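A.B. asks: With the input below, show me the fold.
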Amino acid sequence: MTVESTRAFAAWLGLREPADAAARAVELVEPIRRRLAGGRPTVVHDLGTGTGSMGRWLAPLLPGPQHWIMYDRDPELLAQARAEMPGSAADGAPVTVETRLRDITRLTAADLDGATLITASALLDMLTAEEIERIVSACAATGCPTLLTISVIGQVELTPPDPLDAQIVEAFNAHQRRTVDGQRLLGPDAVAATLDAFGRHGIDVLVRPSPWRLGPGQAELTVEWFEGWVGAAREQRPDLGAPSATYARSRLAQATSGGLGVVVWHNDLLANCE
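C.D. replies: Numbers count the residues shown, from 1 in each chain. Model (predicted):
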């Protein structure tokens with residue numbers, strides 16, 4: 001990433017962080033707490049850390065000493081994640097951090113050695129089937145729980161409805177499944193691929209919904225999300241033409257005024273945590 005693109009991405013992550021935190025299936029934390037109770041200090045490997053939103057959400061929900069190992073390809077994002085990580089757990093125990101500048105799609109079980117919990121957020125849909133297979137294999141080999149949150153599943157609901165909504169949803173999903181450098185991204189098929197991959201290792205996975213619910217109080221995020229969403233759809237389907245331009249102007253006006261309601265459906269997955 002360039003400096004400019006890193007800053008833009010960090011700004012986007014900051015804008016969406018409250019919506020992610022509100023959406024995550026908090027009921028999946030309790031099985032993790034039970035699994036980790038009474039053992040050694042928790043060592044969390046956080047894959048694709050970004051600015052560290054997963055750590056800021058989860059560390060204060062877990063008791064006991066925690067050591068977070070954060071992975072990303074961008075040193076500026078990792079520096080921000082380290083600086084903004086909470087210093088204490090749910091019971092006041094210390095939380096420490098180290099960062100690793102890595103491509104997480106190349107991680108092996110050896111990289112995750114010593115983990116007691118593996119996490120990631122808003123990651124799966126950006127991966128290929130081969131990358132998901134490698135990551136799941138590495139996670140499965142550790143024998144520890146894996147929490148994967150905020151994975152899109154290709155469903156969006158807009159209020160009030162518009163006749164063009166369904167075509168935009170379809171075009172965006174096709175854009176997420178596009179081929180990049182000869183590799184097809186999974187987009188909304190990533191959750192199913194991840195479940196299948198864990199299943200091949202004989203590992204059960206809990207699945208819970210984690211939808212964004214955006215209304216008047218999230219107008220800024222709604223506008224930013226919508227611009228990216230409809231822009232990707234129009235890039236994928238230039239044939240949508242003038243109707244999609246009119247649609248975009250109308251919807252942006254609604255979003256800016258707080259008059260557009262949006263539900264973006266995601267799933268959260270918790271693997272290997274009986």
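
A.B. asks: Show me what counts as buried in stretch 143-163.
C.D. replies: 144-154, 156, 158 (16 or more other C-beta atoms under 10 Å). No exception for glycine: its C-beta is placed from N, CA and C like everyone else's.

A.B. asks: mind listing what's buried in the helix or strand residue 6 falls within?
C.D. replies: Per DSSP states H and E: residue 6 is located in helix 3-23. Going by neighbour count (16+ other C-beta under 10 Å), the buried part of helix 3-23 is 9, 10, 12, 13, 16, 17, 19, 20, 21, 23.

A.B. asks: hang on, the earlier thing: what about the buried residues of stretch 143-163, which are in strands?
C.D. replies: 146, 147, 148, 149, 150, 151, 152, 153, 154, 156, 158 (DSSP state E).

A.B. asks: Could you dump those into JSON lines with distance to residue 169 added?
C.D. replies: As requested, those are exported to JSON lines (distance: C-beta to C-beta, whole Å):
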{"residue": "146", "distance to residue 169": "29"}
{"residue": "147", "distance to residue 169": "27"}
{"residue": "148", "distance to residue 169": "23"}
{"residue": "149", "distance to residue 169": "22"}
{"residue": "150", "distance to residue 169": "18"}
{"residue": "151", "distance to residue 169": "17"}
{"residue": "152", "distance to residue 169": "11"}
{"residue": "153", "distance to residue 169": "11"}
{"residue": "154", "distance to residue 169": "7"}
{"residue": "156", "distance to residue 169": "5"}
{"residue": "158", "distance to residue 169": "9"}
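
A.B. asks: For the stretch 151-274 of the chain, just list every one of the strands.
C.D. replies: Using DSSP state E, counting those that start in this stretch, the strands of the stretch 151-274 of the chain run over residues 179-180, 183-184, 205-209, 212-214, 261-271.

A.B. asks: partners of the first one in the sheet?
C.D. replies: So that's strand 179-180. strand 183-184 (antiparallel) (DSSP bridges).

A.B. asks: mean confidence for stretch 63-82?
C.D. replies: Mean pLDDT, stretch 63-82: 97.

A.B. asks: what comes into contact with that stretch?
C.D. replies: Stretch 63-82 has contacts (C-beta atoms under 8 Å, 6 or more residues apart in numbering) with 1, 3, 6-7, 9-10, 33, 36, 41-52, 55, 59, 85, 89-91, 93-104, 107, 115.

A.B. asks: how about the helices in the stretch 151-274 of the chain?
C.D. replies: 165-176, 190-200, 219-236, 241-257 (DSSP state H, counting those that start in this stretch).

A.B. asks: What residues of the first one count as buried?
C.D. replies: Residues of helix 165-176 classed as buried by neighbour count (16+ other C-beta under 10 Å): 165, 167, 168, 169, 171, 172, 173, 174, 175, 176.

A.B. asks: Enumerate every residue touching the residue nearest to the spatial centre of the chain.
C.D. replies: What sits nearest the mean C-alpha location of the chain, by C-alpha atoms, centre = their mean, is residue 122, with 1.1 Å. Listed by C-beta under 8 Å, 6+ apart, the contact set of residue 122 reads 20, 48, 50, 149, 150, 151.
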